[in-house]
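J.: Need coordinates for the following:
(one chain, ligands or ions: 1)
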Amino acid sequence: MHNVDNDAHSRLQCQGINPTFNMTPVDLSVFEKLLSPNRQVLTVSGKEFFQDRYKQLGWELREIKLRQTIRINNTNAQGKNLIERLNSLGVPLQKIPFLQSGYWVLDSKVSAGATAEYLLGLYSIQEAAAQIPVSLFSDLKGKKVLDCAAAPGGKTVQLADTMDNTGAIVALDVDKRRLTALGNHLERCRITNTVVYLMDARQTPLLNIPFDRVLVDAPCSGNFAGDRDWFKNRTLKDIQRNAAIQKEILTKASECLSRNGELVYATCSLEPEENELNMDWAIKHLNLQIQEISSYGQNGLTEIFGRKIDHSVARCRRVWPNETQGFFVAKLKRS
Ligand SMILES: C[S@@+](CC[C@H](N)C(=O)[O-])C[C@H]1O[C@@H](n2cnc3c(N)ncnc32)[C@H](O)[C@@H]1O
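T.: I've put the predicted structure just below:
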């Protein structure tokens, strides 16, 4: 396990929660609810079906070719002339204008995951849009941070790097195999402020810690960019199921937010049920307000398939796939 430099770890142990694998059974009632009289309606799927949905939301489906992207771990890379070193190895980079430490890899002759610099944790391979959520938090240094759905750890490492390994991060996930990947990622990047638990994010109030910053990088339906079988595999029923789980995670995660704390909600789904409609629900049920953010992407939609939702949902950002994969982000605070 990784070191935690402040008292968060001992406080968790006082609650009888150790960094061991304490998985709690998943509540299956949410799935049962979906086996409803609407079942047939919920199984609709296919490329044309989604293409039509996106058109109704104002976007034309197109082919996307994603470029490889890295994010510099500034804590480790300081004074190491990383960009020049990678360039001389045959990994030329181009700065991504809307990210602080993100670079496109241009025509690399060498795999970006096979350099000594990568193995030393000087940079991570992290998709461009996936770098946005962590960048929305203010003042991360020294803070207590909850990363609710953390594996394989791209954003946990980004959090720790932005925090300069100060404060403490509690990182949770329910998938043991993915947690192994998270552990490896933390070790490679020499992260020292993070403790990892195999734990369902819907159990977070058991931690009994008020967190200054909470990241809900929610389990979601994903999007077609980078997954050629997405249209074949996804149905509206999956989307409804994920939207229900996201609401449950948001509910419990928001209970852990300190008075002036910040919660960032993110998905890599394009589906409004998992994004704008969940945010509309959250501000009505969870005593949360959506904050203004300045970030890459378009305003959140406030009219979904003819239904008008709260105007503050426009403060979210919806990233349709183009230079990046699809993403949705929102920053919330207590009302
Ligand atoms: C979008 S991925 C997270 C990606 C990660 N934040 C990163 O940047 O590398 C969603 C994660 O949620 C996890 N997950 C699914 N249900 C969960 C739950 N109830 N509580 C905690 N994690 C969950 C999945 O195992 C998956 O690893």
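J.: now the end-to-end length of stretch 152-168.
T.: Between the opening and closing residues of stretch 152-168 there is a gap of 18 Å (Cα to Cα, to the nearest Å).
J.: So for that stretch, mean pLDDT?
T.: The average pLDDT within stretch 152-168 is 98.
J.: Same question for stretch 220-238.
T.: The pLDDT scores in stretch 220-238 average 94.
J.: in that stretch, what counts as buried?
T.: Applying a neighbour-count criterion of 16 or more other Cβ atoms under 10 Å, one finds Cys220, Ser221, Gly222, Asn223, Phe224, Ala225, Trp230, Phe231, Arg234, Leu236, Lys237, Asp238 buried in stretch 220-238. C-beta here means a position set from N, CA and C on the backbone, and glycine is covered the same way.
J.: Need the contact partners of the longest strand that the chain contains.
T.: If you go by DSSP state E, the chain has its longest strand at strand 257-267. For strand 257-267, contacts defined as Cβ atoms under 8 Å, 6 or more residues apart in numbering pick out 132-134, 136-138, 144, 210-218, 220, 246, 250, 253-254, 274-275, 278-279, 282, 288, 291, 327-334.
J.: just checking: which of these also lie near the ligand?
T.: When Cβ under 6 Å from any ligand atom is applied, the members of the contacts of strand 257-267 adjacent to the ligand are Asp217.
J.: In ChimeraX, how would I select the buried members of the contacts of strand 257-267?
T.: Taking 16+ other Cβ under 10 Å as the burial criterion, the selection of buried members of the contacts of strand 257-267 in ChimeraX is written as:
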select :132,133,134,136,137,144,211,212,213,214,215,216,217,218,220,246,250,253,254,274,275,278,279,282,288,291,327,328,329,330,331,332
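J.: Beyond the longest strand of the chain, next helix or strand please.
T.: Following strand 257-267 in sequence order, the next helix or strand is helix 276-285 (DSSP states H and E).
J.: Packing partners of the host helix or strand of Lys247?
T.: Under the criterion of DSSP H and E, Lys247 resides in helix 236-255. Packing contacts for helix 236-255, counted by 3 or more Cβ pairs under 8 Å, 6 or more residues apart in numbering; DSSP states H and E, involve helix 29-34, helix 39-42, strand 211-217, strand 257-267, helix 276-285.
J.: what's the helix or strand just after the third one in contact with?
T.: The one in question is strand 211-217. Using DSSP H and E, the next helix or strand after strand 211-217 towards the C-terminus is helix 230-233. The contact list for helix 230-233, computed with Cβ under 8 Å, 6+ apart, reads Ser45, Gly46, Lys47, Phe50, Gly222, Asn223, Phe224.
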